[in-house]
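>>> Pasting a predicted model and its sequence here:
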Amino acid sequence: MNALNLSPLFRTAIGFDRLARLADSAAASANVTYPPYNIEKTGEDSYRLTMAVAGFGPDDIELTVKDNTLLIAGQPSNEATQTEILYRGIAGRAFERRFVLADHIVVEGADLRNGLLHVGLKRVVPEALKPRRIPVGTAPVAPALANDAQAPSQAA
């Protein structure tokens, strides 16, 4: 059984359609192995995606971020060669890879060096969502409260 049936969840939950899309995309991309890549954690809130893209130039690769999904697509250039290739060991086929990004992950930049595409990612949490400490102070007792506090003792 390779299919995951989430329909019972959607009968009683509202707003989990993104979860279904994530499950579908994970199942679809499980068998894709080209091009190979690494995901590294380089700091507390920073990551680096390194993808082997030998034979591709900067103009052959397109990075797009949309709806918390990073799409990396490569289309090899059609350079006419004057030689006959006897053995092709370096794959030069088009590819498309999708990576689901967590909330507040932004792409800082990308560069291509020595056949490796490096994509910098960083978690940037907005100030409004960061935990903040609220100081607890002591306020003077309001006069109305002071009179109310004395009233029960006078009645006794």
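Done, it's in.
>>> Can you show me the strands along this structure?
37-41, 46-52, 61-66, 69-74, 95-100, 105-113, 116-123 (DSSP state E).
>>> Adding distance to Arg88 and mean pLDDT, write the ones you listed out as a markdown table.
Every residue, glycine included, has its C-beta placed from N, CA and C. Output for these, formatted as a markdown table (distance: least, C-beta to C-beta, whole Å; pLDDT from 0 to 100):
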| stretch | distance to Arg88 | mean pLDDT |
| --- | --- | --- |
| strand 37-41 | 21 | 94 |
| strand 46-52 | 16 | 95 |
| strand 61-66 | 20 | 94 |
| strand 69-74 | 16 | 94 |
| strand 95-100 | 16 | 91 |
| strand 105-113 | 21 | 94 |
| strand 116-123 | 20 | 95 |
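>>> Looking at those, which is nearest to Tyr87?
strand 46-52 (19.1 Å; C-beta to C-beta).
>>> Sheet partners, orientation included, of the closest one?
According to DSSP bridges, strand 46-52 forms sheet pairs with strand 37-41 (antiparallel), strand 116-123 (antiparallel).
>>> can you list contacts of the shortest one?
Where contact means C-beta atoms under 8 Å, 6 or more residues apart in numbering, the residues beyond strand 37-41 that reach it are Tyr47, Arg48, Leu49, Thr50, Met51, Ala52, Arg97.
>>> Provide the angle between the direction of it and the direction of strand 69-74.
Angle between the axes of strand 37-41 and strand 69-74 is 140 degrees (criterion: axes from the mean of the first three to the mean of the last three C-alpha atoms, to 10 degrees).
>>> Output strand 37-41 as CSV - backbone C-alpha positions only.
C-alpha atoms of strand 37-41 as CSV (Å, rounded to 0.1, in the frame of the first residue of the first chain):
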residue,chain,number,x,y,z
TYR,A,37,21.9,17.2,-3.7
ASN,A,38,22.9,17.8,0.0
ILE,A,39,21.1,19.8,2.6
GLU,A,40,23.4,21.2,5.3
LYS,A,41,22.6,23.1,8.5
